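K.L.:
my questions concern the predicted model and sequence given below.
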Protein chains: 2
Amino acid sequence: MPKRVDHEQRRRQIGEALLRIASTRGLQSATMREVAAEAGVSLRLVQYYFHTKEQLLLAALAYLAEQLTERVSASIRALGPVTARTVVYGTLTAVLPTDEESVRLTRAYTGFYTLLFSREAEMATRHGATYPDKLESLLATQITAAQEGGEVAADVDPALTAAALLALTNGLGSSVLGGQRDGAAARLILEDQLGRLFHTVESSTPTPVRAPTHRRDRHEHT
Amino acid sequence: MPKRVDHEQRRRQIGEALLRIASTRGLQSATMREVAAEAGVSLRLVQYYFHTKEQLLLAALAYLAEQLTERVSASIRALGPVTARTVVYGTLTAVLPTDEESVRLTRAYTGFYTLLFSREAEMATRHGATYPDKLESLLATQITAAQEGGEVAADVDPALTAAALLALTNGLGSSVLGGQRDGAAARLILEDQLGRLFHTVESSTPTPVRAPTHRRDRHEHT
DNA sequence: AGGTTGATGATACGCTCGTATCATCATAAG
DNA sequence: CTTATGATGATACGAGCGTATCATCAACCT
């Protein structure tokens, strides 16, 4: 027998090559031959580790979800103490395409999400479809907690608001990817809404958000 | 010379066949041959009236924008007197995929919007890109007017809020198209946000848009 | 009337795609 | 030292794509 190579490592190498293509040239450019070239292997190798293209896409989607989850939790941790507010802020700003990495992730994710519409295959019932639902219920939980802490008005519906925040973030992400505005402008819009949601009750002065690194007073979106 | 046929009518026939395919099987299934079959003409005819595929896509996009604009204004009119509130409600609910027609339009529009990401061609600089911007400024204007009327709190930023509403609507539309929820649920979420923005004391459940009979000659397709 | 010309049909070309086939090589097992 | 086998390479195949080419037919002008 030959070298007995680490299959998982090879699969990862190829899968991430696909993600790299998906986030630059688009998923529709992620052909088997292109992926092979990007990964620096032969076409046969790609076929060897992924019998069919759908398997490759599925594996790449799993890797993408992995990276996305990791980024979200890192973003939450970066905001300091874990409170309802930091969880909501961290989660939503993490998936907003503001820096280079989030642009990459969002681009790739959008590609897969688009594949869902056309239903070329029955993929996405594995990870992609349930992913937003999990995020949504997580956000709803945090909003409820914030209500008990008095940070969020009692008359907001947590489920409806969580869904709205997530949809807002996705819509903003699409507008950034579509070139309508840049990531900073999108963040301003998101934080404006978040600041309106999380108003500390005791302070009547609109000193809303107290997000760590930036203030949100002026808004000049192109 | 032969029959001297109406070219514009033929182009429309073919262009709408493409839109029909785009809203059912997806834009990537809208090949020249499929469009020809859907329109009931030969492949040569499609090539005759649109020298290249990009021209066909561009024309179809123009038709789509036309229909979308018409639906938005019809939706506004259906809400009764033209006020800031009805304009905002009508505009946003019109582009939300709730009934069959809006699903069709949104699906097709999403297809074109997706094409923008991959930039297979330099299209979309014609209509698609400027379309959301125009909607956004229109909404901002209406919000400002509503503020002067006292329907909207004075401390909301019209531009930021208009952008947020549009992004929210787009995000909700994507979630509907992706199968995460249905149109009615999306409308609830949107109206919850709108009701929170337009807080007049009377506000007894604003009638949702429900574009009535809305005559549009559409041939049924299989 | 008849030829010029706009409208339409049939079919071919070259390309790229996903996938399949055949061959080769290196190494662990006996 | 074989030898069976896991890993890899080269290439072929059939389908679908956008586009191009050649042919045909009907009508308008002179």
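P.N.:
Received, thanks. Numbers count the residues shown, from 1 in each chain, chains lettered A, B, ... in the order given.
K.L.:
alpha carbons only for contacts and neighbour counts from here, please
P.N.:
OK.
K.L.:
what residues sit buried inside stretch A:59-78?
P.N.:
Within stretch A:59-78, the residues that qualify as buried are A:59-65, A:68-69, A:71-72, A:75-76, counting by 16 or more other CA atoms under 10 Å in any protein chain shown.
K.L.:
mean confidence score for it?
P.N.:
Mean per-residue pLDDT for stretch A:59-78: 96.
K.L.:
that one near DNA strand C at all?
P.N.:
No. Stretch A:59-78 lies apart from DNA strand C when judged by CA under 7 Å from any atom of the strand; the minimum separation is 13.4 Å.
K.L.:
hey, where'd the helices end up in chain A?
P.N.:
A:7-24, A:32-39, A:43-49, A:53-78, A:84-94, A:100-118, A:130-148, A:158-177, A:183-197 (DSSP state H).
K.L.:
got the angle between the fifth one and helix A:183-197?
P.N.:
Just to be clear, that refers to helix A:84-94. When axes from the mean of the first three to the mean of the last three CA atoms, to 10 degrees is applied, the directions of helix A:84-94 and helix A:183-197 differ by 160 degrees.
K.L.:
and helix A:84-94, what other elements does it pack with?
P.N.:
helix A:53-78, helix A:130-148, helix A:158-177 (3 or more CA pairs under 8 Å, 6 or more residues apart in numbering or on different chains; DSSP states H and E).
K.L.:
same thing with the second one?
P.N.:
The helices and strands touching helix A:32-39, judged by 3+ CA pairs under 8 Å, 6+ apart, are helix A:7-24, helix A:43-49.
K.L.:
domain assignment for chain A?
P.N.:
Using automatic domain parsing, the domain parsing of chain A gives A:1-51, A:61-222.
K.L.:
out of the ones you listed, which is closest to residue B:90?
P.N.:
Evaluated over the domains of chain A, closeness to residue B:90 peaks at domain A:61-222, with 18.3 Å, by CA to CA.
K.L.:
tell me if the closest one is near DNA strand D.
P.N.:
No. Domain A:61-222 stays clear of DNA strand D (CA under 7 Å from any atom of the strand), getting no nearer than 12.6 Å.
K.L.:
ok now that domain, how far from the chain's centre?
P.N.:
8 Å (CA atoms, centre = their mean, to the nearest Å).
K.L.:
which residue lies nearest the spatial centre of chain A?
P.N.:
The centre of chain A sits closest to residue A:95, judged by CA atoms, centre = their mean, with a distance of 3.5 Å.
K.L.:
quick one: that one from DNA strand C, how far?
P.N.:
Separation of residue A:95 from DNA strand C (CA to the nearest atom of the strand, to the nearest Å): 27 Å.
K.L.:
thought that residue was touching residue A:101?
P.N.:
No. Using CA atoms under 8 Å, residue A:95 is not in contact with residue A:101, being 9.9 Å away.
K.L.:
thinking again about what came up before, got a list of what the residue nearest to the centre of chain A touches?
P.N.:
Residues near residue A:95 by CA atoms under 8 Å, 6 or more residues apart in numbering or on different chains: A:68, A:72, A:102, A:106, A:169, A:173.
K.L.:
show the pLDDT at residue A:192.
P.N.:
98.
K.L.:
again with residue A:120
P.N.:
pLDDT, read off for residue A:120, is 55.
K.L.:
low pLDDT regions in chain A?
P.N.:
For chain A, applying pLDDT under 70 flags the ranges A:1-4, A:119-129, A:200-222.
K.L.:
which parts of chain A sit against chain B?
P.N.:
Chain A has residues A:25-26, A:28, A:113-114, A:116-118, A:129, A:133, A:160-161, A:163-172, A:175, A:177-178, A:180, A:188-190, A:192-193, A:219 near chain B, with proximity defined as CA under 8 Å from any CA of the partner chain.
K.L.:
from those, which would you call buried?
P.N.:
Judged by 16+ other CA under 10 Å, buried ones among those: A:25-26, A:113-114, A:116-118, A:129, A:160-161, A:163-172, A:175, A:177-178, A:180, A:188-190, A:192-193.
K.L.:
picking that back up, buried deepest among the domains of chain A, which one?
P.N.:
For the domains of chain A, the largest average neighbour count (mean count of other CA atoms under 10 Å in any protein chain shown) is found in domain A:61-222, namely a mean of 18.
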